[in-house]
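Colleague: what's the 3D shape of this:
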Amino acid sequence: MIDRPSSFHSMGVYAMKSFGLFIFLFIHISYTKCEEKLFNVHKYEVHIVNGLPDNTNLLEFRCQSKDDDLGYHTLLVGEEFYWKFRDNFFGRTLFFCHFYWQDKDKAFDVYNSHIYCQTLGNHGGTPKCYWLAKADGFYFSNYNAVPISTDWKKVESW
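Modeller: Numbering: from 1, shown residues only. Below is the predicted model of the structure:
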């Protein structure tokens, strides 16, 4: 049996840990790229736009998913809040928001992977969901076409 110095053994352990970390990162990066190509896992954007009348209360809301709570937000008229995310592997990502304006409140899904953004339209690039809050309800579009145009569809009432 060969008696090796302990520093030789430590270098071997360090090299193995470094190699293991390299392999882990390589597989993770490769899987992420492969998942996006093979399983159509896209990055999405959801936008909330305040289209309420001037000189009224601010639009307040809280958006969240099973895994992410985006917190409470307040928008002035004309302001916008948005976030980006990747759909999960099984295509079951869901974000919902609870909106508050004057004495009204409304909660609904603002992103459900195969209902909005994909089915209602993907016009190249990052699929985007735009939600416009108006005095009579909420409008959906894949474009930020303010003021109201034919691209907006009323989906929810207060």
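
Colleague: Could you use CA atoms for every contact and neighbour count after this?
Modeller: Noted.

Colleague: now the strands: where do they sit in this structure?
Modeller: With DSSP state E as the definition, the chain shows strands at residue ranges 43-50, 59-64, 69-75, 80-86, 94-101, 104-112, 128-134, 137-141, 153-156.

Colleague: in its sheet, what does the longest one sit against?
Modeller: For strand 104-112, sheet partners with direction are given as strand 94-101 (antiparallel), following DSSP bridges.

Colleague: repeat for the second one
Modeller: Take DSSP bridges as the rule and strand 59-64 pairs in its sheet with strand 69-75 (antiparallel), strand 94-101 (antiparallel).

Colleague: Lys17: which of the strands of the chain is closest?
Modeller: Taking C-alpha to C-alpha, strand 80-86 is the member of the strands of the chain nearest to Lys17, at 30.3 Å.

Colleague: counting contacts, what elements does that closest one pack onto?
Modeller: Using 3 or more C-alpha pairs under 8 Å, 6 or more residues apart in numbering; DSSP states H and E, the elements in contact with strand 80-86 are strand 43-50.

Colleague: quick one: low-confidence parts of the chain?
Modeller: Applying pLDDT under 70 to the chain picks out residues 1-16, 20-42, 90-91, 113-126, 143-150.

Colleague: please redo it, this time with the cut-off set to 50
Modeller: Applying pLDDT under 50 to the chain picks out residues 31-37, 118-121.

Colleague: which residues touch Asp54?
Modeller: Residues in contact with Asp54 (C-alpha atoms under 8 Å, 6 or more residues apart in numbering) are Val77.

Colleague: how close does it sit to Leu76?
Modeller: To Leu76, Asp54 is 9 Å away according to C-alpha to C-alpha, to the nearest Å.

Colleague: go on, Gly51?
Modeller: From Gly51 over to Leu76 the distance is 9 Å, taken as C-alpha to C-alpha.

Colleague: ok, the two, which is more surrounded?
Modeller: Gly51 (24 against 17; other C-alpha atoms under 10 Å).
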